[in-house]
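Peer 1: Dropping a prediction and its sequence here:
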Amino acid sequence: MVNIAFIGLGHMGGPMAANLVRAGHRVRGYDLSDRALAAAAGVETAASAPDAVAAADAVVTMLPTGRHVLALHRDEGLLAAAAPGTLFVDCSTIDVADARLVHRAATDAGHRALDAPVSGGVAGAEAATLTFMAGGGADEFAEAEPLLAAMGRKAVHCGGAGAGVAAKICNNMILGISMIAVSEAFVLGERLGLSHQALYDVAAAASGRCWALTANCPVPGPVPASPANRGYRPGFAAALMAKDLGLAADAARAGGVDARLGLQAARLYAEFGAGGGADRDFSAIVTAVRERSGA
Ligand code: NAD
């Protein structure tokens, strides 16, 4: 059993913390929202984030943005309240520069750190089937592995500080671009008189095959479990895809990478979110393609 502090018990953090409890760990949690705090099954309630970490061997954070993560670690007393050598595991999706700042702040304060963002969404958090991508030292990764195993199915050690979030935003850049590609292909198929099922049957067995097609198909019918069959209820919300693509676009610009499709995907998802699609599954971008095509 490990004493774990868990800060940020929202859509993802709540079920992740509950899975740590289920695996036999003692978890003290804190969230600014009383509702989130009350909903996390089996998690002891702390009065504040510093209170949660005081007796912890490991601290897991699952917060909205880099701004939240940095403020909590550096300004809100989290690092100062923890015992020396505590392992800080940040699972939030944030940019690589912020993740490195968090590592630096943690190690400067005498602690250890790992960035370990996730793929798999709320369903994966609930079912403990997340994929973790981790950045930090090999010893830190080895120590975190049993905790990650209680919350997910796979954990990949991607390299040093920031490598986990780097892998996450690169992966989601592939996903965002491929969802737009699949959506455009379905709308083109509609215009050419192809049925959704016919295009699906061909592409799923041919070189167009990808996760955006076979697991999260943007049109209703071919993949019964895809959000398209339930009015595009997420799933993975378009707002989160826009956020991740924004992080990838910023990193591409900062690094001088010619990522024209990635930048365009970031723009299209930002527009889709601003136009009312933010809370829909990211596959609903097909409806924007159809609208722009005059259908
Ligand atoms: P969420 O908004 O549901 O949860 C975040 C929680 O953090 C909220 O409950 C909020 O009250 C709490 N919080 C914010 N600042 C705090 C502070 N200073 N102290 C304590 N609590 C604080 O968000 P989520 O969907 O759980 O996402 C969390 C992270 O996971 C994000 O970085 C997101 O990009 C990433 N992510 C989300 C999904 C998804 O499908 N939801 C999938 C993969 C990754």
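Peer 2: Now that the structure is in, tell me what you want to look at.
Peer 1: Quickly list the domain ranges of this structure.
Peer 2: 3-159, 166-292 (automatic domain parsing).
Peer 1: could you dump those to a markdown table with distance to the ligand, mean neighbour count and mean pLDDT?
Peer 2: From N, CA and C alone the C-beta is placed, and that goes for glycine too. Formatted as a markdown table, the domains of the chain follow (distance: least, Cβ to the nearest ligand atom, whole Å; neighbours: other Cβ atoms under 10 Å; pLDDT from 0 to 100):
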| stretch | distance to the ligand | mean neighbour count | mean pLDDT |
| --- | --- | --- | --- |
| domain 3-159 | 2 | 20 | 96 |
| domain 166-292 | 5 | 19 | 97 |
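Peer 1: now do the same end-to-end measure for stretch 252-263.
Peer 2: Start-to-end span of stretch 252-263 (Cα to Cα, to the nearest Å) is 8 Å.
Peer 1: Where do the helices of this protein begin and end?
Peer 2: Here the chain has its helices, by DSSP state H, at 13-22, 34-39, 49-53, 66-70, 78-81, 96-108, 121-127, 138-151, 163-191, 196-204, 211-214, 238-255, 260-272, 285-292.
Peer 1: so what does the fourth one touch, helix or strand wise?
Peer 2: Yep, that's helix 66-70 we're talking about. Contacts defined by 3 or more Cβ pairs under 8 Å, 6 or more residues apart in numbering; DSSP states H and E place helix 66-70 against helix 96-108.
Peer 1: The helix it packs on vs helix 163-191, what angle?
Peer 2: Using axes from the mean of the first three to the mean of the last three Cα atoms, to 10 degrees, one finds that helix 96-108 and helix 163-191 are set 160 degrees apart in direction.
Peer 1: Just want the angle from helix 96-108 to helix 238-255.
Peer 2: Using the same axes, to 10 degrees: helix 96-108 against helix 238-255 is 80 degrees.
Peer 1: quick one: contacts for residue 157?
Peer 2: By Cβ atoms under 8 Å, 6 or more residues apart in numbering, residue 157 lies in contact with 134, 138, 141.
Peer 1: Dump those residues into TSV; add distance to residue 250 as well.
Peer 2: Formatted as TSV, the contacts of residue 157 follow (distance: Cβ to Cβ, whole Å):
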residue	distance to residue 250
134	22
138	29
141	26
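Peer 1: Let me know the closest of these to residue 233.
Peer 2: residue 134 (30.6 Å; Cβ to Cβ).
Peer 1: Touching, the closest one and residue 143? I think so.
Peer 2: No: using Cβ atoms under 8 Å, residue 134 is not in contact with residue 143, being 11.1 Å away.
Peer 1: Dihedrals phi and psi, residue 161?
Peer 2: Main-chain torsions, residue 161, degrees, to the nearest 10: phi -50, psi 130.
Peer 1: residues contacting residue 162?
Peer 2: So residue 162 contacts 96-97, 99-100, 103, 115, 135 (Cβ under 8 Å, 6+ apart).
Peer 1: how does it look with 7 Å?
Peer 2: Remark: with contacts taken as Cβ atoms under 7 Å, 6 or more residues apart in numbering, residue 162 is in contact with 96, 99-100, 115, 135.
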